[in-house]
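A.B. asks: just a sequence and a predicted model for now, questions to come.
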Amino acid sequence: MNIKITYYLSLISLIGMSACGNEKQNPSVNYPIFDTSLTDTTYANRALSLFSITDKQWLEVHYEQIATDTFLCRTFFEKSLTLVQNKLENIPFKDISEQKFKLVYFGNYPSAFAERLAYYCDFETIKAELYSWETVTKSDNILLVINQLNIDKESFTDFFEGAYPYKNQITVINFEQIKNLFYCSKYPTVLQIYESNAITQDWAAQLIFGGIQAKGLFPITLSDNFQKGQGDTSTPIIRLRYTLPESVNMNAKRLGDIEKIMARAIRKKAIPGGQVMVIKSGQVVHYQSYGNFTYDKNQAVHNLNLYDVASVTKAFGTTLATMKLYDDGLLDIEKRLKDYVPKSQKSPSRNLKIRHLLTHRTGLPPNAPISKYVRIKDTVSTAYKAYFASHNSKEYPIKIVESQYMSKQVQQELWNEIYKIRPERSRNYLYSDVNFALIQSVNETISGEKMDKYLDRYIYHRLGLNKLLFNPLKKYSKDFIAPTILDKKWRYGLLQGEVHDEMAALLGGVSGNAGLFANANELGILSQMLLNRGNYAGEEIFSSKTVNDFTAKKYSGHRALGFDKKGAGCYEGASKETFGHSGYTGTCVWIDPQMNLIYIFLSNRVYPDPKNTKLMDLKTRKLVHRAIYKSLK
């Protein structure tokens, strides 16, 4: 290769190869970065032996730009990561739903590694010096990170001897000091990274979960177990990859217009903040949070924070449950409500077809009859006390907010009222929350369990989703969740983690029309699963036919089964195959199969007052979507 010797040396410096000395080294010797007895050419050959023939050719073309071009620099580091051993083929991790991940680390805390890890799984962090192997259970998956530390025999012998019985549950991830691998020769899963920085730590987390493929080859012979040229380069890509727009040939500058659009929306007080995610061809090319939870600017939005996604629940909650039942042959969309819900036998809605409920062609009104519960102004009146109390008790077990609990009779009465609603004779399109409440009753009757439990068991949990859920305060604190409205009419306080939608609140936070909380990352995973025709990370959630049946066809105007076709917040230039949904709180998800493109926008535009329509007036969601399409080359 026609690369200058000086660049060979810079390659070695970049990959931090601290063990480029003798072919077999003694771990008790502290080797310097450079062994002065070796020639520049020897260094070069060893550095380049990290890379495959194809990657060496890539280096020959791009080596002069790597140091100054962020994308090329990231690509260079990505190609160098070496999965030295993968004997159990554990990498990438596949069925993670029952695994408990533990990040046990030596040396410096790998902050960028941990930050990216959180996009794939929940995990516990423990310093190695404080970890006891006696606490290991069969479900533990231990990520043993050695970061920028020379391991000496005296200090760490006991630790590694204690770890050995659990070697099949341990993934060793060694940053920098190659000679540390002398202590890891008996471990079946070993990943070597030659420099510890934000980029390599990010890639390491992505590699073990299948966001990227392992490509590097071990550059020296260290021992019988670690031979020159060793490395598994056949690992599949099974999950989202987090990268730059250049990876999928998108124009980063044009995509940067999103920053200006979001800044304007925040400046105009259309929203206090939000999240935007763009996924192209299975790669996350833009994922950023903007602004704050409130206009007080006392808490910035983070990528993992949760939002009340409002009617996005209809598509990514209720409809997915319906699809699963349909896929399993338990539901026929041409059958009627009465065929599945015994309580509806005398209902005026009993003859409505499931297909018509999913496409809002039932003649049912937009809203359920809830006024008598949520518009009682006198909180000391007999009417109010019949339904609500300030403390939890056997008679009032359902929590609405911190100081408001509800009687079970409310839900019973509300369902009875819903079944009594008489649809109009016309079957023209009319968007209705009642339709999806009835779909919820169908799903729960067939499955025999509450919709949130069913979704978690058969969809969310299987995909490793932990931040897409109903009633999030059962798991997360308020400061993890963006607030919605300052309710002055019923709940008398700021809603933060409690569902904004009133019917959903009356139904215990789980309703067919609303109630789901999520961040853009986990909605992105669900969206990619749909774009993959029902598959993700080795899990077949739906058959390809089911995904096509629910998303491809227009049944009425701009509606598919449970999904919208290019509705609110969707750019007109999106393909006609595009499907998704929007939400009242200022959210939307749009999936374009033709362009292999996913767009997710989350905000709390209703804070503190839902009468704020500036998000719609400014057309912020649509403009962001437009910027995405304009960035496609």
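C.D. replies: Yep, it's here.
A.B. asks: what is the longest helix belonging to the chain packed up against?
C.D. replies: In terms of residue count, the longest helix belonging to the chain (DSSP state H) is helix 433-447. Using 3 or more Cβ pairs under 8 Å, 6 or more residues apart in numbering; DSSP states H and E as the contact criterion, the neighbours of helix 433-447 among helices and strands are helix 319-327, helix 337-340, helix 354-358, helix 408-420, helix 451-455. From N, CA and C alone the C-beta is placed, and that goes for glycine too.
A.B. asks: rerun at 7 Å
C.D. replies: helix 319-327, helix 337-340, helix 354-358, helix 451-455 (3 or more Cβ pairs under 7 Å, 6 or more residues apart in numbering; DSSP states H and E).
A.B. asks: for the protein, name the helix or strand with the lowest mean pLDDT.
C.D. replies: Every helix and strand in the chain was compared by mean pLDDT, DSSP states H and E; the lowest is helix 5-15, with a mean of 43.
A.B. asks: and the pLDDT at the one residue sitting closest to the centre of the chain?
C.D. replies: Note on the chain: the residue nearest the mean C-alpha position is residue 522, at 2.4 Å, using Cα atoms, centre = their mean. According to the predicted model, the pLDDT of residue 522 comes to 98.
A.B. asks: I'd like to know how far residue 507 sits from residue 470.
C.D. replies: Applying Cβ to Cβ, to the nearest Å, the value for residue 507 to residue 470 is 10 Å.
A.B. asks: neighbour-wise, which of the two wins?
C.D. replies: Neighbours were counted for residue 507 and for residue 470 using other Cβ atoms under 10 Å; residue 507 has more, 26 against 23.
A.B. asks: look up how far residue 393 lies from that one.
C.D. replies: The separation that residue 507 has from residue 393, given Cβ to Cβ, amounts to 20 Å.
A.B. asks: same thing with residue 85?
C.D. replies: Taken as Cβ to Cβ, the span from residue 85 to residue 393 is 59 Å.
A.B. asks: give the contact list for residue 61.
C.D. replies: Residues near residue 61 by Cβ atoms under 7 Å, 6 or more residues apart in numbering: none.
A.B. asks: mind running it again at 10 Å?
C.D. replies: When the contact criterion is Cβ atoms under 10 Å, 6 or more residues apart in numbering, the partners of residue 61 are residue 72.
A.B. asks: picking that back up, phi first, then psi, for the residue nearest to the residue nearest to the centre of the chain when sequence neighbours are not counted.
C.D. replies: Closest residue in space to residue 522, ignoring its immediate chain neighbours: residue 468 at 4.1 Å, by Cβ to Cβ, 6 or more residues apart in numbering. Summarising the backbone geometry of residue 468 under the convention degrees, to the nearest 10, its torsions are phi -140, psi 100.
A.B. asks: correct me if wrong: residue 468 contacts residue 527.
C.D. replies: No: the criterion here is Cβ atoms under 10 Å, and residue 468 misses it with residue 527 at 11.4 Å.
A.B. asks: tell me, what's touching these two both at once?
C.D. replies: Between them, residue 468 and residue 527 have residue 316 as joint contacts when contacts are counted by Cβ under 10 Å, 6+ apart.
A.B. asks: isn't residue 58 up against residue 51?
C.D. replies: Yes: proximity of residue 58 to residue 51 meets the contact threshold set by Cβ under 10 Å, at 8.0 Å.
A.B. asks: any buried residues in the longest helix of the chain, and which?
C.D. replies: Neighbour counts using 16 or more other Cβ atoms under 10 Å place 433-444, 446-447 of helix 433-447 among the buried residues.
A.B. asks: which ones are touching residue 493?
C.D. replies: Contact analysis of residue 493 by Cβ under 10 Å, 6+ apart lists 401-404, 485-487.
A.B. asks: so where's the stretch 501-633 of the chain shaky on pLDDT?
C.D. replies: Across the stretch 501-633 of the chain, residues meeting the criterion (pLDDT under 70) sit at 556.
A.B. asks: let's see that with 80 instead.
C.D. replies: Filtered on pLDDT under 80, the stretch 501-633 of the chain yields the residue ranges 553-557, 567-568, 633.
A.B. asks: which residue ranges form the strands in it?
C.D. replies: The residue ranges that make up the strands of the stretch 501-633 of the chain, judged by DSSP state E, counting those that start in this stretch, are 516-518, 535-536, 539-540, 579-583, 587-592, 597-603.
A.B. asks: out of those strands, nearest to residue 362?
C.D. replies: Using Cβ to Cβ as the criterion, the shortest distance between residue 362 and the strands of the stretch 501-633 of the chain is 17.9 Å, found for strand 579-583.
A.B. asks: what's the closest one packed up against?
C.D. replies: Helices and strands touching strand 579-583, by 3 or more Cβ pairs under 10 Å, 6 or more residues apart in numbering; DSSP states H and E, are helix 312-313, helix 520-531, helix 544-551, strand 587-592, strand 597-603.
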